[in-house]
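Trainee: Task: produce atomic coordinates for the following.
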Amino acid sequence: METMQQSPTTSPPVLRSRGRGWLWLGVGLCLLGVALNFVQFFFLKLLVVPWYMPIMATAGALLVLISVRQRRTWPRMVGLVLVTLLTGLEWFFILSLSLLPEYKGPVQVDRKMPSFRTTLADGTAFTEKALEKGTPTVLVFYRGHW
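Mentor: Presented below is the predicted three-dimensional model:
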C-alpha cells in the first residue's frame, strides 16, 4: 500500500495580494499623466491643454477603487483618498482654463486697440486713451525671463 503525503495547504501569492496590482496600476496611471504633462510643457514646449491628464487620473482612481473593494486596508484607503484629491485638482485646473476670455488676436492696422490699463516704470498709470493723443509711443513687452 502506498502512502501519499499531502503538502500543507497554503494560499498562492495571488490570493494574498488580492487587488495589489490594481492599486499600483491606478497609482502609476495617475502619476504617468502628471509626468507626460511635465514632458509636454518643459521639454517639448507644446502649449496645448493636457486633457489626457485628468482622464488618466480618473481611470487611475477607478482602478484604486477596484483595489479597495477587493481588500480594504488603510494604505489602500489612503491611496484612494490621495489619488482622488489629485484627480479633482487636475479637473479643477483643466476646467478653469475654459473660463478664460476668448482670444481676439493681435491688434490690427486701422482698428481700435482694445482697452487696457498698465503701470509705467515711474509708477504712473497708462491706458489706451494715452495712445489716442497722437504722441509717438513705444510699447515693450517683457516675457518675464531674467
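
Trainee: Spit out the contact partners of the residue most central in space within the chain.
Mentor: Ranked by distance to the mean C-alpha position of the chain (Cα atoms, centre = their mean), the top residue is residue 90 at 4.2 Å. Counting by Cβ atoms under 8 Å, 6 or more residues apart in numbering, residue 90 touches 33, 53-54, 57. From N, CA and C alone the C-beta is placed, and that goes for glycine too.

Trainee: Quickly check these for the two that are furthest apart.
Mentor: 33 and 54 (7.4 Å; Cβ to Cβ).

Trainee: circling back to that earlier point, just the contacts of residue 90: which are in helices?
Mentor: Among the contacts of residue 90, the members found in helices (DSSP state H) are 33, 53-54, 57.

Trainee: Can you say which of those residues are buried?
Mentor: For the ones in helices among the contacts of residue 90, a neighbour count by 16 or more other Cβ atoms under 10 Å gives the buried set as 33, 53-54, 57.

Trainee: that older thread, between the contacts of residue 90, which is nearest residue 17?
Mentor: Closest approach to residue 17 among those (Cβ to Cβ): residue 57, at 23.8 Å.

Trainee: Make sure the closest one is actually in contact with residue 82.
Mentor: No. If you go by Cβ atoms under 8 Å, residue 57 and residue 82 don't touch, sitting 11.0 Å apart.

Trainee: where are the low-confidence patches of this structure?
Mentor: Low-confidence segments of the chain, defined by pLDDT under 70: 1-16, 100, 103-105, 107, 143-146.

Trainee: go with 50
Mentor: 15 (pLDDT under 50).

Trainee: Thanks a lot, see you next time.
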